[in-house]
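# The sequence isn't on hand, but the structure is:
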């Protein structure tokens with residue numbers, strides 16, 4: 001169906017509705033129908049219809065323009081395209097780092113390194129080990145049907161770390177370290193495994209594990225230093 005045919009059908013339908021709505025009953029009981037003089041501007045968006053009766057003349061203007069709708073849609077699409085072209089993703093720098101094989105820890109590659117570039121400081125624990133060298137594990141369980149509705153190991157956190165990454169400087173420190181951790185050290189994997197389920201929060205259990213690792217390493221270093229001082233005396 002063409003646009004002109006659709007406009008003509010809409011104008012004729014409105015004219016019929018307005019004729020029915022303007023028909024009235026005179027005081028003598030006779031039905032008075034108004035005379036209709038409908039004028040349609042086919043080449044424009046405006047359809048004007050005038051209805052005359054004995055009392056007054058009513059003029060109704062109706063706009064049925066597909067051209068106006070198409071122009072508004074085209075302007076909206078152009079504005080959306082312009083806004084999309086100006087859009088900048090907040091993750092643009094992140095994806096650029098992936099394409100150039102960079103990370104937030106390593107910083108820019110040496111080929112694009114700025115002479116004034118200062119590498120980011122790597123977060124570390126008090127004992128000196130980097131946080132990204134630690135590995136944490138948790139397990140999620142479905143809700144229980146009976147109290148306490150939460151599995152007993154819901155908040156359990158496991159910490160694993162390679163012993164070679166720990167800042168143990170000499171053989172005496174390593175020996176004391178192994179005596180402290182005992183069976184928590186897996187000799188085949190050369191990994192230390194610590195677990196904590198003291199608190200009803202995984203965050204608090206994780207903090208406690210980091211504190212345990214700090215005390216183990218710093219304690220081993222302190223005991224080794226005290227033994228060296230006693231031997232030197």
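Looks like it came in fine. Note that the structure is a prediction, hence the values are computed from the model and not measured.
# buried residues in the longest helix along the chain?
Taking DSSP state H as the criterion, the chain has its longest helix at helix 202-232. Neighbour counts over helix 202-232 (16 or more other CB atoms under 10 Å) mark 202, 205-206, 208-210, 212-213, 216-217, 220-221, 223-224 as buried. Where you see a C-beta, it was placed from the backbone N, CA and C, and this is true even at glycine.
# And for stretch 127-134?
In stretch 127-134, counting by 16+ other CB under 10 Å, buried: 127, 129, 134.
# what is the rounded mean pLDDT of the longest helix of the chain?
Mean pLDDT, computed over helix 202-232, is 94.
# same deal with stretch 142-154?
On average, stretch 142-154 scores 87.
# unless I'm mixing things up, residue 197 is touching residue 154, no?
No. Judged on CB atoms under 8 Å, residue 197 makes no contact with residue 154 at a distance of 9.0 Å.
# Quick one: the helices in the chain, in order.
Counting by DSSP H, the chain has these helices, from start to end: 3-22, 66-86, 92-99, 171-181, 202-232.
# List of residues touching stretch 134-149?
150-151, 153-154, 156-161, 202, 206, 209-210, 213 (CB atoms under 8 Å, 6 or more residues apart in numbering).
# Which pair of these spans the longest distance?
The distance between the two most remote of these (CB to CB) is 28.1 Å, for 150 and 161.
# Neighbour count for these two, which is higher?
residue 161 (19 against 12; other CB atoms under 10 Å).
# List the contacts of the more buried one.
Contact analysis of residue 161 by CB under 8 Å, 6+ apart lists 129, 133, 134, 135, 191, 192, 213.
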